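Undergrad: Build me a structure from this.
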Amino acid sequence: MRLQDLIKSLDELSVEDQASLFNVLKSKLAQMNHKESEQTSEDDENRFWQGISKFRETIEQEGIIFADEDFANLRDRSPGRETER
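TA: Predicted coordinates:
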């Protein structure tokens, strides 16, 4: 059955059956969207960890060593920008 034929046959359904079909389709769409967003989240997480791994590999290959002293004075201790009141 083609999509056009299916759409035309919807008119033959009762209002209750149409509402039921709509609810089923809405539920299926929500499930698909949820799975898609989970997959996107997993992909983003994988890319993040791949980036961390690549960074660590580069640091090791270059022989770069970080010490606490390297980060000692990085904090900006100013009160921030002036605001208008």
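
Undergrad: Please count neighbours and contacts with C-alpha atoms only from this point.
TA: Noted.

Undergrad: which residues are contacting stretch 4-17?
TA: Residues outside stretch 4-17 that contact it (C-alpha atoms under 8 Å, 6 or more residues apart in numbering) are residue 18.

Undergrad: Swap in 10 Å and give it another go.
TA: Outside of stretch 4-17, the residues within contact range by C-alpha atoms under 10 Å, 6 or more residues apart in numbering are 3, 18, 19, 20, 21, 22, 23.

Undergrad: Separate out the buried members of these.
TA: Not one of the contacts of stretch 4-17 meets the buried threshold, by 16 or more other C-alpha atoms under 10 Å.

Undergrad: which one of those is nearest residue 38?
TA: Of all the contacts of stretch 4-17, residue 38 sits closest to residue 23, with 22.5 Å by C-alpha to C-alpha.

Undergrad: Point me to the helix or strand that includes the closest one.
TA: Secondary structure assigned from DSSP states H and E places residue 23 in helix 15-62.

Undergrad: low-scoring pLDDT stretches of the protein, where are they?
TA: 1 (pLDDT under 70).

Undergrad: Kindly recompute the last result at 90.
TA: 1-15, 17-25, 27-49, 64-85 (pLDDT under 90).

Undergrad: circling back to that earlier point, could the contacts of stretch 4-17 go into a markdown table alongside distance to residue 56?
TA: Shown next, in a markdown table, are those (distance: C-alpha to C-alpha, whole Å):
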| residue | distance to residue 56 |
| --- | --- |
| 3 | 52 |
| 18 | 57 |
| 19 | 55 |
| 20 | 54 |
| 21 | 53 |
| 22 | 51 |
| 23 | 49 |
